[in-house]
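>>> sequence first, then the predicted structure, then my questions.
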Amino acid sequence: MKTRLLTLFLISSCCLHAAARADEGAAAAAPADASPQAFTGNVGFVSDYRFRGISQTWKRPAVQAGFDYSHGSGLYVGTWASNVSGNSYNNGAGMEWDLYGGYKLAVADGVTLDVGALAYVYPGARLNAAPGQPTGNKYDNVDVYAAVSAGAFSAKLSVAATDYFGLDSTTAGYAYFNALPARGSSRGTAYLDLNYGFELGQGVNAGLHLGHLWVRKYGDLSYTDWKLSLSKAVKDLGGLTFSVALVGTDADRALYQAGDAAGQRARRLGDTGVVLGVSRAF
């Protein structure tokens, strides 16, 4: 797997030199020569919310929306939210709320550096030690990240500044579908996100994504994910953008599952699937 990941990284690098959005949720700050400040928003619907290739909605639809502010200096802040499944995030409001901010800087002609932090908040949600037995442990997670983009290529590294979505020695026995041995804090878990986009013609855009998650001290949870996507904006329908994506992972099926409220009818959350979407930016 490491060899395959390196090969795909080199292919992406070649595309970068030939062609001269960081990860889901990251703000799109205005370039330095644009207006001093900009306010933008987005709203969308997807048939399945996948985060790093793993379904967050028990393979059910999600409604999502976000708002961003960017300044000509390169500073930006934003927020984004989506519904999530209570089967994955127990005892809460069934919501993921992201808060992020950072700074973008042009470091060379056509090359931009982006550094920042992103907090994933799940209001009210607490891990269950067993079905119907909530604990005081939260799922909330904070990442710090650095990204570089050049032309159609971007690469981003995110590192967890907290326990990775609540995983530590206390929660290892019940944070995932099957128990893990207690190995300490998962702080320092890292995710590498590689993306390349290009136009196919007739307003159709294609995207290639490859990611890899390294879970610190809990290697059984590490995996690679990938996505192939197509999208097209339709002006005659109010500027709506329609998309279709094929998403998959090699995540351990025994761990990346979620059952219903009774812990039954488990669904494998990292299996390959098709995700349909419609969105609008404003």
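Nice, thanks for sending it over. Residues are numbered from 1 along each chain as shown.
>>> the closest residue to residue 252 other than its chain neighbours: what secondary structure?
In space, and not counting its chain neighbours, residue 252 is closest to residue 220: 5.9 Å by CB to CB, 6 or more residues apart in numbering. Where you see a C-beta, it was placed from the backbone N, CA and C, and this is true even at glycine. Secondary structure assignment for residue 220 (DSSP: H, G, I helix; E, B strand; the rest coil): helix.
>>> which non-adjacent residue is nearest residue 223?
Spatially, and ignoring its direct neighbours in sequence, residue 223 is nearest to residue 251 (3.8 Å; CB to CB, 6+ apart).
>>> next up, the contacts around the one you found.
When contacts are counted by CB atoms under 8 Å, 6 or more residues apart in numbering, residue 251 touches 53-54, 221, 223, 225, 269-270.
>>> in this structure, where is pLDDT below threshold?
1-35 (pLDDT under 70).
>>> centroid-wise, who is the farthest residue in it?
residue 236 (30.1 Å; CA atoms, centre = their mean).
>>> how near is that residue to residue 203?
11 Å (CB to CB, to the nearest Å).
>>> also residue 117?
To residue 203, residue 117 is 35 Å away according to CB to CB.
>>> quick one: end-to-end distance for stretch 257-273.
The straight-line separation of the ends of stretch 257-273 (CA to CA, to the nearest Å) is 15 Å.
>>> what sits up against that stretch?
Here stretch 257-273 makes contact (CB under 8 Å, 6+ apart) with 48, 50, 53-55, 58-59, 85-88, 130-132, 177, 223, 225, 246-251, 253, 256.
>>> so which of the residues you listed are in strands?
50, 54-55, 130, 223, 225, 246-249 (DSSP state E).
>>> quickly run through the sheet partners of the longest strand anywhere in the chain, with directions.
Under DSSP E, the strand in the chain containing the largest number of residues is strand 95-108. Partners of strand 95-108 in the sheet, by DSSP bridges, are strand 75-83 (antiparallel), strand 111-121 (antiparallel).
>>> residues of the longest one that come out buried?
What that stands for is strand 111-121. By 16 or more other CB atoms under 10 Å, the buried positions in strand 111-121 come out as 112, 114, 116, 118-121.
>>> out of those residues, which comes closest to residue 191?
residue 118 (11.1 Å; CB to CB).
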